[in-house]
Structures are given as C-alpha cells and as structure tokens.
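Novice: Take a look and give me a structure for this.
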Amino acid sequence: MEKLLSDIRACTLCADRFSKTETGHAPRPVLQISPTAKILIAGQAPGMKVHLSGKPFTDPSGDRLRDWMGVSDATFYDATQIGILPMGFCFPGYRKGADLPPPPLCAKTWRAQVLSAMPNVQLTLLIGGYAQKWHLPDAGSVNDTVARWRDFLPDILPLPHPSWRNTAWLKRNPWFEAQLLPVLRTKIQEALND
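Specialist: Next up, the predicted model:
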C-alpha cells in the first residue's frame, strides 16, 4: 500500500491537461487510503480548496458530508477507518468558471489497484454521478440512483454531492434527510465499531 500511495502521489499522467484549464495548475493527487479502512468514500475530484490544502474535503462540502455521516473531523481523517478515493485524484481545473469533470484516465489507471488493496471496506459511499456510474454501471441519473438507495444496501449508499449547489435538491427531497441520513449514520457507526 505504501508503494502504491507513493506512486499515486507522484503521478503526473494528466499534467498536460492542466495547462489547458483556466488555472494552469500542476497535478497534486489528493486521497486518503489504508488497507484497514472500513468505509470508502468514492467521490468525484478535489476542488480548488482541497487542491491547495492537499487534504480531502477541506471545504464546505466536507463539512456537510461529515454532518451527514455523523462523524468528527478526527474520525473522518483517520485513514485506518475511512478511505477517500475520488474518481480523479487531482483538481481537474475550471473551464468557464465551472469545475471540469474528473479525467477518466485516473480511474482507469489506479482505481482497481487501490480497491484491491483495501480488503476491509464494509460500506462504500458513492458521491455524485461519476462515482455512481463507475461502481454501478447500470445507474441512472444521480436523482434516480439516490432515490433507489435501499436497492444497494447493505454495502453501498449512493449520495448526492454535498456541495452547496445541491441545497435546492435537498429541499425538494426531504426524504433524504428524514430516511436516508439516519440509515447512513447507523451504517457508519456499525462499520466503525466492527
């Protein structure tokens, strides 16, 4: 695992892609993995704040995600308990003010290796459409997939992205907070206490 993590952190496969974005930044892979992790957060790609910090979910989305999960910062950032594996390890950049999607090359190159090195994962949280499509190839839209969350239990829970951009979606779908979040928090505690 240490060799794999070192190789990923040194990855520059997409370096030429970044020069074509509005930010023109260098690659900086951001992830959190351990062979002992019991929970896997399969996200999309780091945003600019995370790119600058080098630590996953150090932004308002991370605050909301930790609240959804019912965990402290200390628990969330304990790699022996929680792995964070985005579909793209580096901030993909902006184009016309919006985040670009994670480049498929990242997942194609690294994802299977990392997942096979994490044999203790009991619960996978699929955050957003890119992670849902990779892990659930027959998944529909994020809305439809999250609405069918019970179909993927006991080991997978699809979630919308915890971004502020989804606040309106959360208000239109009160079942998410009333029904899914209590199950999510229970499953998190079961995995952490196992």
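
Novice: So which elements touch the top helix by length along the chain?
Specialist: Ranked by residue count under DSSP state H, the longest helix found in the chain is helix 181-193. Judged by 3 or more Cβ pairs under 8 Å, 6 or more residues apart in numbering; DSSP states H and E, helix 181-193 is in contact with strand 39-42, helix 60-69, strand 123-127, strand 156-159. C-beta here means a position set from N, CA and C on the backbone, and glycine is covered the same way.

Novice: Go through it and flag the buried ones.
Specialist: Of the residues in helix 181-193, 181, 184, 187, 188, 191, 192 count as buried by neighbour count, 16 or more other Cβ atoms under 10 Å.

Novice: Make JSON lines out of those and add pLDDT.
Specialist: As requested, those are exported to JSON lines (pLDDT from 0 to 100):
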{"residue": "181", "pLDDT": "98"}
{"residue": "184", "pLDDT": "98"}
{"residue": "187", "pLDDT": "98"}
{"residue": "188", "pLDDT": "98"}
{"residue": "191", "pLDDT": "97"}
{"residue": "192", "pLDDT": "97"}
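
Novice: picking up where we left off before, C-alpha coordinates for the longest helix of the chain, CSV please?
Specialist: The C-alpha trace of helix 181-193 is given here as CSV (Å, rounded to 0.1, in the frame of the first residue of the first chain):
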residue,chain,number,x,y,z
LEU,A,181,-29.4,10.0,6.7
PRO,A,182,-30.4,8.0,9.7
VAL,A,183,-29.6,4.8,7.9
LEU,A,184,-26.3,6.3,6.7
ARG,A,185,-25.3,7.3,10.3
THR,A,186,-26.3,3.8,11.6
LYS,A,187,-24.2,2.1,8.9
ILE,A,188,-21.2,4.3,9.6
GLN,A,189,-21.3,3.5,13.3
GLU,A,190,-21.7,-0.2,12.6
ALA,A,191,-18.7,-0.2,10.3
LEU,A,192,-16.5,1.9,12.7
ASN,A,193,-17.4,-0.3,15.7
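
Novice: Specify the angle between it and strand 123-127 in degrees.
Specialist: Put simply, helix 181-193 runs at 140 degrees to strand 123-127, going by axes from the mean of the first three to the mean of the last three Cα atoms, to 10 degrees.

Novice: Give me the angle between helix 181-193 and helix 60-69.
Specialist: Interaxial angle, helix 181-193 versus helix 60-69 (the same axes, to 10 degrees): 90 degrees.
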